[in-house]
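Novice: give me a model of this one.
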Amino acid sequence: MRKLLAVEKSEREWFVDFRKTAEFAEALAFVWRNGHISSGSFILSDDSFEYINRFATLVNTTVRSNSDRTLNIGYWYCSLGMNHPFIKEIIKMGWKSGSRYERDYPQGDLNDTAFIKAYINIRHDLSRKKSNGRRGTYFAPRLRIYGSEQVLRRINQHFHEIIGTKIKSVQLESKKKNIKTINYQSVEEVQKILEYVGAFESLERFYAFELGYQE
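Specialist: Predicted coordinates for the structure are as follows:
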């Protein structure tokens, strides 16, 4: 019992300082993107070790592995008890177990820049969009960002104010109606966003794209 109380006290003391950092906002982005409650604990799982390990490092927990023999797949996960100060704080800020596409933007004081950068780095889609113009086939970049309508509106406004992108409409995906996106297709805007959030792998892909009119 004494050992448990000592651990809880240590966690609380650590969290007081952690709550003030940009790393807290980054960890917040992980749980706003993913995570659920199971058997009385918060669980974050993925097939990427790097993804889970980064979150585990931020919140001082341990990465574990599991496998589903029936599906012949493995995945990584980490867990935190519901009394952990980080979990108590995210619930206070509006986090709920369930669909990431229905979570409102975090409530309370946080580093919006760090949260938005991490949120987009965790998941975005970069591709080329083909269209037929007067001069032939035209290829434009397309950057798609996913989330709830409220989260996307905040991201939209943040980019507009900080890096000068135009306000975009939040769109509903046709295949899965609960999934919402904002799309950027301007060469200049896509490059600005990827540079701003530090999505270096996507930037390399972007630079390799053959854009404009193609014969």
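
Novice: may I have the beta-bridge partners of the residue nearest to residue 124 when sequence neighbours are not counted?
Specialist: Take residue 124 and drop its neighbours on the chain: the residue closest to it by CB to CB, 6 or more residues apart in numbering is residue 145, 5.3 Å away. C-beta: built from backbone N, CA, C; applies to glycine. Taking DSSP bridges as the rule, residue 145 bridges to residue 182.

Novice: tell me if I'm right that residue 145 and residue 180 touch.
Specialist: No. Using CB atoms under 8 Å, residue 145 is not in contact with residue 180; the gap is 9.5 Å.

Novice: what do those two both touch?
Specialist: Residues touching both residue 145 and residue 180 (CB atoms under 8 Å, 6 or more residues apart in numbering): residue 152.

Novice: who has more neighbours out of those two?
Specialist: Set residue 145 next to residue 180 and count neighbours by other CB atoms under 10 Å: residue 145 wins out with 24 against 21.

Novice: list the contacts for the more buried one?
Specialist: Counting by CB under 8 Å, 6+ apart, residue 145 touches 120, 124, 152, 155, 181-184.

Novice: and those, which two are furthest apart?
Specialist: Farthest apart among the contacts of residue 145 by CB to CB are 120 and 183. That separation is 13.2 Å.

Novice: more neighbours: which of these two?
Specialist: Neighbour comparison, residue 120 and residue 183: the larger count goes to residue 120, with 24 against 15 (by other CB under 10 Å).

Novice: in which helix or strand would I find residue 213?
Specialist: Using DSSP states H and E, residue 213 sits in strand 212-214.

Novice: state the mean pLDDT of that strand.
Specialist: Across strand 212-214, the average pLDDT comes to 76.

Novice: helices and strands around it, which ones?
Specialist: Applying 3 or more CB pairs under 8 Å, 6 or more residues apart in numbering; DSSP states H and E, we find strand 212-214 packed against strand 136-147.

Novice: who is residue 44 paired with across the strands?
Specialist: Beta-bridge pairing for residue 44 (DSSP bridges): residue 78.

Novice: and it, how far from residue 159?
Specialist: From residue 44 across to residue 159, the span is 27 Å (CB to CB, to the nearest Å).

Novice: got a quick PyMOL command for the buried subset of the contacts of residue 145?
Specialist: Buried subset of those, written as a PyMOL selection, criterion 16 or more other CB atoms under 10 Å:
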select buried, resi 120+124+152+155+181+182+184
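
Novice: confidence score at residue 17?
Specialist: Note on residue 17: pLDDT of 92.

Novice: confirm it sits in a helix?
Specialist: Yes. Residue 17: assigned to a helix according to DSSP: H, G, I helix; E, B strand; the rest coil.

Novice: check contacts around the residue nearest the centre of the chain.
Specialist: Residue closest to the average C-alpha location in the chain (CA atoms, centre = their mean): residue 119, at 2.8 Å. Contact partners of residue 119, counting by CB under 8 Å, 6+ apart, are 29, 32-33, 147, 151, 155.

Novice: give the burial count for residue 30, as a bare number.
Specialist: A count of nearby residues for residue 30, using other CB under 10 Å, gives 21.
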